[in-house]
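Trainee: dropping a prediction and its sequence here:
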Amino acid sequence: MRIRRAGDRGLLIETDAPHRLNAAVRAAGLPGVVDVVPGERTVLVTTAGDPGRLAGLLPGLPLPDDDAGDAAPVEIPVVYDGADLAEVAELAGLTVGEVVALHGGADYTVAYLGFSPGFGYLTGLPERLHVPRRESPRTAVPAGSVAIAGPYAAVYPSRSPGGWRLLGRSDLPLWDVARTPPSLLQPGTRVRFVEAGP
């Protein structure tokens, strides 16, 4: 764990387990903590108090093994008819059915949120499905598109540009401003993709 100052009131912590450190900081009730924001390999902690004092407390925090506890995974129904499904199969040296089985058979964890509100970067994608992003991003990816890129899986919560490879689509709303919190997925949430009918 490497801790660096980030402005007057922040600490940027480099870690191999950002979603677990996020859960540990939130659960510890450390004095003065204002916000905790996990990223791919970092966690930003802002404080109303003394950042130096807080930095001394962080290395001793025990990290949970599973910050989702006994919570059941969020099940995301997927119709596997994505525009890039056949291309992913070709890149991976698999059949379309094998891609669907691998993607739907894995257990995922939300590592962090980013890119757009409610966009969860999910770890746990089988290595056979680690394919690169598209060379040319689409200008508009429909909300609910289930996609993969590199080591991550995701669902686009809203219509946006994007370069991930589309495997299918889901009707499950991931972002809803009337919900508290608005994002269905949070760092540490476990996720399963479940094949649905057309």
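Mentor: Done, it's in. Predicted model only: the values in this text are computed from it and were never measured. Numbering: from 1, shown residues only.

Trainee: roughly how far does the most centrally placed residue in the chain sit from residue 113?
Mentor: Nearest to the centroid of the C-alpha atoms of the chain, with distances taken as C-alpha atoms, centre = their mean, sits residue 121, at 2.4 Å. Distance, residue 121 to residue 113, by C-beta to C-beta, to the nearest Å: 7 Å. Placement of C-beta: from N, CA and C, glycine included.

Trainee: now the strands for the chain?
Mentor: Here the chain has its strands, by DSSP state E, at 2-6, 10-14, 33-38, 42-47, 74-78, 108-113, 120-123, 138-141, 145-149, 152-155, 160-162, 165-169, 190-195.

Trainee: what is the burial count for residue 60?
Mentor: Number of residues near residue 60 (other C-beta atoms under 10 Å) recorded here: 7.

Trainee: then the one 5 residues further on?
Mentor: The number of residues packed near residue 65 is 7, by other C-beta under 10 Å.

Trainee: from here on, count from 546
Mentor: Taking 546 as the first residue, the last one we looked at is residue 610.

Trainee: list phi and psi for the closest residue to residue 593 other than its chain neighbours.
Mentor: For residue 593, ignoring the flanking residues on the chain, the nearest one in space by C-beta to C-beta, 6 or more residues apart in numbering is residue 577 at 4.8 Å. Note on residue 577: backbone dihedrals following degrees, to the nearest 10 are phi 90, psi -10.

Trainee: list the contacts of residue 577.
Mentor: Counting by C-beta atoms under 8 Å, 6 or more residues apart in numbering, residue 577 touches 592-595, 599.

Trainee: so how far is residue 597 from it?
Mentor: Going from residue 577 to residue 597 by C-beta to C-beta gives 11 Å.

Trainee: what residue spans form the domains of the protein?
Mentor: With domains defined by automatic domain parsing, the chain comprises 547-605, 619-740.

Trainee: looking at these, which one has the lowest mean pLDDT?
Mentor: Among the domains of the chain, domain 547-605 carries the lowest mean pLDDT, a mean of 90.
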